[in-house]
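Engineer: Quick one, structure for this:
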Amino acid sequence: MTRRTRRPAAGDEGPGPVRRRFGQNFLHDPGILDRIVRAIDPQPDDRMLEIGPGRGALTVPLLDRLQKLDAVEIDRDLAAALRSHFPPERLTLHTGDALELDLAALSETPPAGWRVVGNLPYNISTPLLFHLLGQSEHIRDMHFLLQREVVERITAEPGSKRYGRLSVMVAARARATELLGVPPGAFHPPPKVHSAVVRIVPDAEPRVPAARLPAFAALVNRAFSNRRKTLRRGLAGLLEAADIEAAGLDPGQRPETVDVAGFDALARQIPESAGAE
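Structural biologist: Residues are numbered from 1 along each chain as shown. So this is what the prediction gives:
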């Protein structure tokens with residue numbers, strides 16, 4: 001049984017002021033917080049990393065279940081308040097930008113991998129997700145509270161309206177599932193959009209090998225920058241119609257109908273000299 005951390009009383013918004021410069025919207029609804037923690041299901045011995053703990057709303061219920069927790073906070077005022085609120089043997093706080101986070105240098109990678117959680121600022125959610133997926137060998141799973149539209153794009157299937165570059169690049173390395181929706185009123189200040197919690201579990205063996213990922217990413221980016229065009233037109237100059245057919249696809253298809261395996265087959269057709277384009 002882990003030692004419980006003091007839970008803020010009703011009306012206590014926790015440590016630290018609201019700092020809009022980092023795009024912070026602080027989750028405060030106890031019912032939503034409970035549902036998120038139950039979905040994550042932390043176990044006492046898990047090594048968990050919270051990104052952007054803010055004023056500690058999620059930190060407290062996580063530490064109710066964990067022996068210890070690591071966290072990364074960019075706001076120095078909030079970091080100072082968190083250090084005064086939580087004992088160092090329970091909360092190891094790293095002050096800095098999560099976009100520069102090096103999991104291998106953070107501390108010794110847990111044998112089962114880090115469990116990463118966070119209420120991510122909307123303005124950095126996609127680049128931060130790509131940054132973490134680039135270190136997926138150190139990660140067991142990720143649970144993030146994001147703008148709902150972003151979650152819908154992450155979890156979209158081929159042929160759907162939301163399916164695009166983000167869907168493909170996540171699916172190339174992980175499996176993603178939407179867990180629950182979160183209304184604006186659950187935050188302070190309330191955002192103008194709805195949010196959702198997504199679970200992302202990196203594949204033990206990524207569907208696209210690391211060596212081919214640059215060519216794969218370049219091709220997916222090119223395809224979806226011209227998503228209303230057919231593969232023949234959108235990939236002109238990179239692949240010929242014969243190359244697309246050799247990948248087992250119809251040059252007349254649109255990119256939103258192509259799954260990860262299809263894009264990987266296309267990437268295999270790119271000459272090595274053009275792969276990093």
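Engineer: ok, which stretches of the stretch 1-150 of the chain are helices?
Structural biologist: Counting by DSSP state H, counting those that start in this stretch, the stretch 1-150 of the chain has these helices, from start to end: 30-40, 59-63, 76-85, 103-106, 125-133, 148-155.
Engineer: any idea which of those is most buried?
Structural biologist: Each of those was scored by mean neighbour count; the highest is helix 59-63, a mean of 23, by mean count of other C-beta atoms under 10 Å. C-betas here are computed from N, CA, C, even on glycine.
Engineer: before we move on, the earlier item: rebuild the helices of the stretch 1-150 of the chain as a markdown table, extending it with distance to Glu178.
Structural biologist: As requested, those are arranged in a markdown table below (distance: least, C-beta to C-beta, whole Å):
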| stretch | distance to Glu178 |
| --- | --- |
| helix 30-40 | 11 |
| helix 59-63 | 21 |
| helix 76-85 | 28 |
| helix 103-106 | 25 |
| helix 125-133 | 14 |
| helix 148-155 | 5 |
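Engineer: Can you tell me which of those has the worst average pLDDT?
Structural biologist: Looking over those, mean pLDDT reaches its minimum on helix 103-106, with a mean of 88.
Engineer: Please identify which of the helices of the stretch 1-150 of the chain is closest to Arg212.
Structural biologist: With C-beta to C-beta as the measure, helix 125-133 is the member of the helices of the stretch 1-150 of the chain nearest Arg212 (15.1 Å).
Engineer: Summarise which helices and strands that closest one is packed against.
Structural biologist: With contacts defined as 3 or more C-beta pairs under 8 Å, 6 or more residues apart in numbering; DSSP states H and E, the packing partners of helix 125-133 are strand 139-147, helix 148-155, helix 165-171.
Engineer: for the ones you listed, which one sits closest to Val258?
Structural biologist: Once C-beta to C-beta is applied to the helices and strands packed on helix 125-133, the stretch that comes out nearest is helix 165-171, at 8.1 Å.
Engineer: residues contacting Ile244?
Structural biologist: Listed by C-beta atoms under 8 Å, 6 or more residues apart in numbering, the contact set of Ile244 reads 231-232, 235, 250-251, 266, 269.
Engineer: Now it: which helix or strand?
Structural biologist: Using DSSP states H and E, Ile244 maps to helix 241-246.
Engineer: Of all the helices of the stretch 1-150 of the chain, which one is nearest Phe216?
Structural biologist: Phe216 lies closest to helix 125-133 among the helices of the stretch 1-150 of the chain, at 12.8 Å (C-beta to C-beta).
Engineer: how big is the angle separating that closest one from strand 139-147?
Structural biologist: On the basis of axes from the mean of the first three to the mean of the last three C-alpha atoms, to 10 degrees, helix 125-133 is oriented at 180 degrees to strand 139-147.
Engineer: which residues touch helix 125-133?
Structural biologist: Contact with helix 125-133 is made by 51, 98-99, 101, 103, 116, 120, 139, 142, 144, 146-147, 150, 154, 166, 169-170, 173-174, 200, 202, as judged by C-beta under 8 Å, 6+ apart.
Engineer: pLDDT averaged over stretch 180-196, what's the number?
Structural biologist: Stretch 180-196 shows a mean pLDDT of 92 in the predicted model.
Engineer: Can you get me the start-to-end distance on it?
Structural biologist: 6 Å (C-alpha to C-alpha, to the nearest Å).
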